[in-house]
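**Q** Structure here, sequence nowhere to be found:
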């Protein structure tokens with residue numbers, strides 16, 4: 001089995017959820033992602049994982065909100081074109097599950113983050129290309145990464161929650 005796998009962006013989704021007005025949720029996604037896994041996806045403990053996401057590719061189904069999220073109030077996509085993740089350690093936690101800890105960089109802030117990953121399997125697609133898939137989830141504090149814009153609500157609380165839940169369905173193919 002090959003040792004270098006790359007993200008198949010057309011079959012990968014990077015999604016997030018954040019509380020809105022303290023009680024509802026806003027969901028969004030990033031559409032421009034690159035990444036690679038150096039190692040065997042069936043035995044991830046020794047792998048190196050690197051991801052890069054274009055911050056301007058954010059979509060929440062609301063153009064005004066998307067433009068605000070790209071602005072200096074949030075991602076400042078003009079100055080900080082990408083966010084990155086680089087694994088530092090991977091621990092097997094079950095037959096097909098892992099904790100992946102690494103450095104996440106958003107804007108100019110780098111912090112350690114741990115994601116849980118579940119290996120979904122490998123196979124060949126209809127064109128004979130090997131495919132490996134994972135479901136990944138994690139949570140970050142947006143304030144820790146300098147994403148601090150908010151607005152107080154008249155009834156109390158704030159417009160945007162701090163905790164961001166990130167879910168990734170990733171499909172990998174061998175590097176060409």
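**A** Arrived safely, thanks for sending. Quick caveat, the model's predicted, so the values are computed rather than measured.

**Q** buried residues in stretch 67-82?
**A** Going by neighbour count (16 or more other C-beta atoms under 10 Å), the buried part of stretch 67-82 is 69, 70, 74, 75, 76, 77, 80, 82. Bear in mind the C-beta positions are built from the backbone N, C-alpha and C, glycine included.

**Q** these two touch, right, the second one and residue 57?
**A** No. With the criterion set as C-beta atoms under 8 Å, residue 70 and residue 57 do not qualify as a contacting pair; they are 9.4 Å apart.

**Q** In JSON lines, list the buried residues of stretch 67-82 along with distance to residue 109, pLDDT and secondary structure.
**A** JSON lines is the format used below for those (distance: C-beta to C-beta, whole Å; pLDDT from 0 to 100; DSSP: H, G, I helix; E, B strand; the rest coil):
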{"residue": "69", "distance to residue 109": "16", "pLDDT": "94", "secondary structure": "helix"}
{"residue": "70", "distance to residue 109": "17", "pLDDT": "97", "secondary structure": "helix"}
{"residue": "74", "distance to residue 109": "13", "pLDDT": "92", "secondary structure": "coil"}
{"residue": "75", "distance to residue 109": "12", "pLDDT": "94", "secondary structure": "coil"}
{"residue": "76", "distance to residue 109": "12", "pLDDT": "96", "secondary structure": "coil"}
{"residue": "77", "distance to residue 109": "15", "pLDDT": "97", "secondary structure": "coil"}
{"residue": "80", "distance to residue 109": "10", "pLDDT": "97", "secondary structure": "coil"}
{"residue": "82", "distance to residue 109": "13", "pLDDT": "97", "secondary structure": "strand"}
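
**Q** After the one helix or strand residue 111 maps to, heading C-terminal, what element do we hit next?
**A** Taking DSSP states H and E as the criterion, residue 111 maps to strand 109-124. Moving toward the C-terminus from strand 109-124, the next helix or strand (DSSP H and E) is strand 130-141.

**Q** can you pull out the helices in this structure?
**A** Assigned helices in the chain, in chain order: 63-70 (criterion: DSSP state H).

**Q** I'd like to know which elements the strand holding residue 111 is packed against.
**A** Packing partners of strand 109-124 (3 or more C-beta pairs under 8 Å, 6 or more residues apart in numbering; DSSP states H and E): strand 97-106, strand 130-141.

**Q** Residue 153: which of the ones you listed is closest?
**A** Closest to residue 153 of the helices and strands packed on strand 109-124, according to C-beta to C-beta: strand 130-141, at 19.7 Å.
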